[in-house]
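Enquirer: sequence and predicted structure are below.
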Protein chains: 2
Amino acid sequence: MSTASPLRTAEIIAVGSELLGTARLDTNSLLLTEQLASMGIEVLTKHVVGDHRATLAQVFREARARSDLIVFTGGLGPTDDDLTRDVVADVLGRAMDIDEAIVEKIRARFTRRGMRMPDVNRRQAQVPRGATVLDNPNGTAPGLLIDDDHRVVVLLPGPPREMKPMFEKLAAGALAARAGAERVYTASLFITGRSESDVEQTVQPIYSRWRDATPPIVTTILAAMGQIELHLSLRAADGAKGPAEVSRARDELARALGDDVYSTDGRMMPEVVGDLLRTGGYSFAAAESCTGGLLLSRLTDVPGSSDYVHGGIVAYDNDAKIAWLDVPRALIAQHGAVSEPVAIAMAEGIRALTGADVAVAITGIAGPGGGTPEKPVGTVVIAVLAPERAAYVRTYSFLGGRDMVKFQSTQAALDRVRRMIA
Amino acid sequence: MSTASPLRTAEIIAVGSELLGTARLDTNSLLLTEQLASMGIEVLTKHVVGDHRATLAQVFREARARSDLIVFTGGLGPTDDDLTRDVVADVLGRAMDIDEAIVEKIRARFTRRGMRMPDVNRRQAQVPRGATVLDNPNGTAPGLLIDDDHRVVVLLPGPPREMKPMFEKLAAGALAARAGAERVYTASLFITGRSESDVEQTVQPIYSRWRDATPPIVTTILAAMGQIELHLSLRAADGAKGPAEVSRARDELARALGDDVYSTDGRMMPEVVGDLLRTGGYSFAAAESCTGGLLLSRLTDVPGSSDYVHGGIVAYDNDAKIAWLDVPRALIAQHGAVSEPVAIAMAEGIRALTGADVAVAITGIAGPGGGTPEKPVGTVVIAVLAPERAAYVRTYSFLGGRDMVKFQSTQAALDRVRRMIA
């Protein structure tokens, strides 16, 4: 590769009509943006283009006039709809050759599966003159890298499991060699128990000082499902004090927000709670009503969670609560299934049944039906029992649809466990 | 609005640097694409642009040269980073006026919350000359619609709960009036129990006939998590035979694929199974091990599922299986927890405990740890008991990471219930 000026800006072009509909989401570009950013290459825009030759060519021409690096994903398949190779060669004015070594690789791939390579797959061996071929260990379509004056154009296949390892290799090799001397260092904080504006009010006086520093630290606040997130980023020379500086900034925000910060290292709630359970040697059980198993499912999404998750009961109707959890029928009759006494009884029931150290119960009205004026949809009661702590019980009011109410309930319950065993 | 030529092509520009990172996904454009498609307006490309004035102006200029309708989402907030209004007025060469009626609306919104409107919010009342103001019932930023020669430019706020109702009103009103006489009619089939290439082989001879028909029906095959999807679309004159034609095509594919088609009306698996349980008057219970509650959580994502979901047990460790589900300890010792005899015993245990009509048990190795040469990661045993049917038990081998194994296990279990009670 030539020793051109460093790559500073990039554009991503995702190709495929299916990416414009609701059926498929382009997740590749998120990964690309993050990895490029960490190399100090800023993604200016990303485009999703259907399988239209003229539109694809236009978008490429425009991106080429604007950015140092253009990354295509998709459109490298064997059919006539797969236009990326053709369009790139056209726009760059390069002839295309069939690379017989690639044909042989593709043929071998088919042979290994006891199949004969269809003729149409020869298209995937087309290489614009002067391009570097990028090996694809997980599929038939190889990638391509083209030096285009001071620019670099990269073509990668669309399926994430093919694209990802190819891009990572490229990022560590050819692209790293062409990136500038700067890197972008990032840090994040995940926060529960505060509103976005409350977080903003607390942290704004702090991060506003950094905005005009040299180099500046950029702080972004995002309201995500069940948590507020702070994302910090700092552009600085490679090997300089960047990492230390961004860590120091993160720690200053963490101190200002106190206990409400549940993670400063990217771990999500189920992992944070899981690590605390493991460290404390605690076993865990849950009795879930309105969340229908989501709490246990989220906890067991974490590899190794069998070390601390004993199990639990989804007691969706009243009979299940009475028969399995020993909740007195009279208690339900008196207070209703969604009430603090019943939540406590459910937590005690699951603890007695399992002998778990930490027991959680959730009962509520996820909606859209079942609400009353006193207990509207979104009313959820959470009880938590933990060693050497007073029993916790509280009634929450969550907003949003059924999914949102379920998720927020599990997040609040896990967060309470965190605060009680930390 | 002028009686210009109909809108046939569209482009979406989502504005906001946060949409380029991994923390936020642009979901607005999916909704827009689908609704525009149904009106016969084809979305050629969509763009995500950071908060950069020059890049945003360029992308807008290019879209304007290409498409009849340009829809912006985001960048209408009150701060200096919110560039959409400014950039659009600049590119179109229109002066901006402050609309005092909008200022009053925004002020009233703040007053209702007992707050004083910050001066900076006056920016949200800026209107490029000649634009139509679109009311935003859920936020401060109004939308804007601008007639630009034969083109239409629409500016909508970024938050989906603000954007969605505003766009729906627009789609039914001003945009419907400007759409052409054609509509796009769609249908879908969701398929389980077959590979993508197996589906392709079965349906290709059928849909290839339609491709060259007048008008053509376009068929797309997608491999989604736990299912293969066929999406049909047909562009035809409004009120013509379009809906009947696309339904007939869907039905022909459904006949060719038989029982493996689980939905032809957009309902997803938990809803399909839930409807069958309700119709049959069956109650449901599950004993989950490796899926950790995900099966019950998915079933209870459906509103009204309390009609048939009794509850269930997450028996994550062996003790839980023995104590709660009466699985004989010797059975586990002899065959292992992940085995067909244990799965059957778990299903019988949960049925005995709950008296449910339909009982499911899932036990397996979700990974990444716990695999052995005989039972590698992804080995999952599913047992289903249903009235008047022989007990079902089968050992599956699923590919992918922990999430994928969990999801596919629940999908296969629900699909088996469907086939047994349909």
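Expert: Received the coordinates, thanks.
Enquirer: do the helix or strand containing residue A:201 and chain B meet?
Expert: Assessed by DSSP states H and E, residue A:201 sits inside helix A:196-211. No - no part of helix A:196-211 sits close enough to chain B to count as contact by C-beta under 8 Å from any C-beta of the partner chain; the gap is at least 10.5 Å. (Glycine included, C-beta is placed from N, CA and C.)
Enquirer: residue most distant from the centroid, chain A?
Expert: The centre of chain A is farthest from one residue, residue A:330, which by C-alpha atoms, centre = their mean lies 45.1 Å away.
Enquirer: doesn't that one fall inside a strand?
Expert: No - counting by DSSP: H, G, I helix; E, B strand; the rest coil, residue A:330 is located in no strand; its state is helix.
Enquirer: up against chain B, what does the stretch 251-400 of chain A have?
Expert: Within the stretch 251-400 of chain A, the positions lying close to chain B (C-beta under 8 Å from any C-beta) are A:286, A:288, A:290-297, A:299-301, A:303-306, A:309-317, A:319-320, A:324, A:353-354, A:366-370.
Enquirer: in chain A, which ranges drop under the pLDDT threshold?
Expert: Low-confidence segments of chain A, defined by pLDDT under 70: A:1-4, A:21-26, A:240.
Enquirer: show me the domain layout of it.
Expert: A:9-178, A:182-263, A:269-421 (automatic domain parsing).
Enquirer: would CSV of those with distance to residue B:89 be doable?
Expert: Shown next, in CSV, are those (distance: least, C-beta to C-beta, whole Å):
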stretch, distance to residue B:89
domain A:9-178, 20
domain A:182-263, 27
domain A:269-421, 35
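Enquirer: nearest to residue B:243, of these?
Expert: domain A:9-178 (19.0 Å; C-beta to C-beta).
Enquirer: mind checking the end-to-end distance for the closest one?
Expert: Length of domain A:9-178, first residue to last, C-alpha to C-alpha, to the nearest Å: 12 Å.
Enquirer: repeat that for stretch A:172-191.
Expert: First-to-last residue span, stretch A:172-191, C-alpha to C-alpha: 33 Å.
Enquirer: contact partners of the helix holding residue A:201?
Expert: A:191, A:194, A:216-219, A:221, A:223, A:228, A:230, A:232, A:249, A:252-253, A:256-257 (C-beta atoms under 8 Å, 6 or more residues apart in numbering or on different chains).
Enquirer: go on, stretch A:325-343?
Expert: For stretch A:325-343, the surrounding residues in contact (C-beta under 8 Å, 6+ apart) are A:287, A:289-290, A:313, A:315, A:318, A:321-322, A:345-346, A:348-350, A:352-353, A:361-365, A:375, A:379-383, A:393-395.
Enquirer: identify each buried residue in it, please.
Expert: Buried residues in stretch A:325-343, counted by 16 or more other C-beta atoms under 10 Å in any protein chain shown: A:325, A:327, A:331, A:332, A:336, A:337, A:338, A:339, A:341, A:342, A:343.
Enquirer: list the buried residues of the host helix or strand of residue A:108.
Expert: Element membership of residue A:108, judged by DSSP H and E, is helix A:100-112. Within helix A:100-112, the residues that count as buried by 16+ other C-beta under 10 Å are A:102, A:105, A:106, A:107.
Enquirer: out of the residues you listed, the closest to chain B would be?
Expert: residue A:106 (16.4 Å; C-beta to the nearest C-beta).
Enquirer: hmm, the closest one is touching residue A:121, no?
Expert: Yes - contact criterion C-beta atoms under 8 Å: residue A:106 and residue A:121 qualify, at 5.3 Å.
Enquirer: distance check, residue A:265 against residue A:251.
Expert: Separation of residue A:265 from residue A:251 (C-beta to C-beta, to the nearest Å): 12 Å.
Enquirer: what is in contact with those two at once?
Expert: Common contacts of residue A:265 and residue A:251 (C-beta under 8 Å, 6+ apart): none found.
Enquirer: find the closest residue to chain B in the stretch 101-250 of chain A.
Expert: Closest approach of the stretch 101-250 of chain A to chain B (C-beta to the nearest C-beta) occurs at residue A:222, with a separation of 5.2 Å.
Enquirer: chain center to the helix or strand just after the helix holding residue A:108, what's the gap?
Expert: As assigned by DSSP H and E, the chain's next helix or strand after helix A:100-112 is strand A:126-128. Offset of strand A:126-128 from its chain centre (C-alpha atoms, centre = their mean, to the nearest Å): 35 Å.
Enquirer: just to revisit the earlier point, among the buried residues of stretch A:325-343, which two are most distant?
Expert: Spanning the widest gap among the buried residues of stretch A:325-343 are A:325 and A:336, at 15.7 Å by C-beta to C-beta.
Enquirer: buried set for stretch A:234-252?
Expert: A:234, A:235, A:236, A:242, A:245, A:246, A:249, A:250.
Enquirer: want to throw these into JSON lines with distance to chain B and secondary structure?
Expert: Formatted as JSON lines, the buried residues of stretch A:234-252 follow (distance: C-beta to the nearest C-beta, whole Å; DSSP: H, G, I helix; E, B strand; the rest coil):
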{"residue": "A:234", "distance to chain B": "15", "secondary structure": "strand"}
{"residue": "A:235", "distance to chain B": "14", "secondary structure": "strand"}
{"residue": "A:236", "distance to chain B": "19", "secondary structure": "strand"}
{"residue": "A:242", "distance to chain B": "18", "secondary structure": "helix"}
{"residue": "A:245", "distance to chain B": "20", "secondary structure": "helix"}
{"residue": "A:246", "distance to chain B": "15", "secondary structure": "helix"}
{"residue": "A:249", "distance to chain B": "18", "secondary structure": "helix"}
{"residue": "A:250", "distance to chain B": "15", "secondary structure": "helix"}
